[in-house]
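>>> coordinates for the following, if possible.
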Amino acid sequence: MIGNKFGHWVVIDTAPCPIKDVNKNGISYKYFLCRCDCENKTEKVIRYVNLKYGRTTSCGCEKKKVKIQKITNKYIGKKFNRLTPISIEKVDKQKIYFLCQCECGKQTIVEKKNLKYGLVKSCGCLKRELMTNFNKTNKKLYNNYKFYDNFIVG
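Just a heads-up that it's a prediction; the model follows:
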C-alpha cells in the first residue's frame, strides 16, 4: 500500500486506529498516513475504505482550485464600470485580487468584492476627471461675514 496514490493522497505509512473503530464483525478498520501531493503537503490519517471508494481525494486543495476557476470564468473579461479584470493577481484566505485594465490604459489591482459591489470604479482616473470638471464649473465664493454680538450677518 505504501506509495499508492488515491486522487491527490499518497500513502506514506500505516497508522494505528485513532479511535476504537471496528466493523460489525469486531475487526478494526485499516488506517494509513497519507500526504497530499499539492503545494501544501498536508499529512492526514485516513481510513482505507475512504481512500478506496474515493470518499476523500485531497486535503481540500481541489475544491479551492474549482472555486477559483468558477470565479475566474465569472469575472475575467467582464466590464465593471471602467475596469476589466484580466487575471487573478493574488489569493489570500477569503480574498481574491484581480489585475484590472482601466479604460484610460492603466492597470490596477482590485479586490473581488470591490468590483462586485461597485466600490472601485476605476484606477483613480474617474475621480481626477470629476474633480477637474467640478473645479472648472464651481468657483469658490467667499462671503464676507460680519459679527454683531452673538449674530452672524452675511
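>>> when you work out contacts or count neighbours from here on, use the C-alpha atoms and nothing else.
OK.
>>> now the strands for the protein?
Assigned by DSSP state E, the strands in the chain fall at 5-6, 9-15, 31-36, 43-47, 83-92, 95-102, 107-111, 146-148, 151-153.
>>> what bridges to L33?
Note on L33: beta-bridge partners by DSSP bridges are D13, V45.
>>> low pLDDT regions in this protein?
18, 134-154 (pLDDT under 70).
>>> got the domain ranges for it?
5-52, 61-127 (automatic domain parsing).
>>> output those as CSV; include the columns distance to N133 and mean neighbour count.
Compiled in CSV, the domains of the chain are given as follows (distance: least, C-alpha to C-alpha, whole Å; neighbours: other C-alpha atoms under 10 Å):
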stretch, distance to N133, mean neighbour count
domain 5-52, 51, 15
domain 61-127, 10, 15
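>>> and G77, its phi and psi?
G77 adopts backbone torsions of phi 90, psi -10, taken as degrees, to the nearest 10.
>>> residues contacting it?
84-86 (C-alpha atoms under 8 Å, 6 or more residues apart in numbering).
>>> quick revisit: determine which of the strands of the chain approaches C61 most closely.
strand 31-36 (8.8 Å; C-alpha to C-alpha).
>>> can I get the CA coordinates of that closest one in PDB?
Extracted in PDB, the C-alpha atoms of strand 31-36 (Å, rounded to 0.1, in the frame of the first residue of the first chain):
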ATOM      1  CA  TYR A  31      -5.800   3.400   8.600                       C
ATOM      2  CA  PHE A  32      -2.900   5.000   6.600                       C
ATOM      3  CA  LEU A  33      -0.900   8.100   7.000                       C
ATOM      4  CA  CYS A  34      -1.200  10.000   3.700                       C
ATOM      5  CA  ARG A  35       0.300  13.100   2.200                       C
ATOM      6  CA  CYS A  36      -1.500  15.400  -0.300                       C
END
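>>> helices or strands next to that strand in the packing?
strand 9-15, strand 43-47 (3 or more C-alpha pairs under 8 Å, 6 or more residues apart in numbering; DSSP states H and E).
>>> I appreciate the help and will end here.
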